[in-house]
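S.K.: No sequence on hand, only this structure:
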């Protein structure tokens, strides 16, 4: 298993983050929507797959696009949500994308639950206050205000 993680570029923290986002996406879908169990389970899988692009991206900023493209070629139902996650766009919107983005914002890089403000601070510390990642995350947090600023 360690060899596979090294080959595909996924470290322990990234895997913890993906698992925690999956769990949070399932929970949010269950609590904030009227979706059935099957649909909520699909949100778990979406949360788990959302950062698959890190395994193939040379540049961190490309992971969403690359992950979405790979999943799209594979026929994955929610490839657009992976492709567009982490930023506000007019190109694609869906409740599934909102659930994914909220789950991602409520989960730190190492899989720990955090408030949105804590997550934004962590992004600032890792990438810089003026970075694209920071700007995208702040804009995204503002756009998700309809779901409330949930703290965990």
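M.R.: Nice, thanks for sending it over. For clarity, every value in this text was computed on a predicted model and none was experimentally measured.

S.K.: Which pLDDT value does the model give residue 70?
M.R.: What the model reports for residue 70 is a pLDDT of 97.

S.K.: Now do the contacts for it.
M.R.: 52-53, 56 (CB atoms under 8 Å, 6 or more residues apart in numbering). Every C-beta, even on glycine, is put in place using the N, C-alpha and C of the backbone.

S.K.: Toward the C-terminus, what is the element adjacent to the helix or strand where it lies?
M.R.: Assessed by DSSP states H and E, residue 70 sits inside helix 63-73. Toward the C-terminus, helix 63-73 is succeeded by helix 79-84 as the next helix or strand (DSSP H and E).

S.K.: Residues in contact with that following helix: which ones?
M.R.: Helix 79-84 has contacts (CB under 8 Å, 6+ apart) with 46, 49-50, 52-53, 64-65, 67-69, 71-72, 76, 91-92, 94, 96-97, 100.

S.K.: again, only this time at 10 Å
M.R.: Here helix 79-84 makes contact (CB atoms under 10 Å, 6 or more residues apart in numbering) with 43, 46-47, 49-53, 63-73, 76, 89, 91-101.

S.K.: Out of those residues, which end up buried?
M.R.: Buried subset of the contacts of helix 79-84 (neighbour count, 16 or more other CB atoms under 10 Å): 43, 46-47, 49-53, 63-64, 66-71, 76, 96-101.
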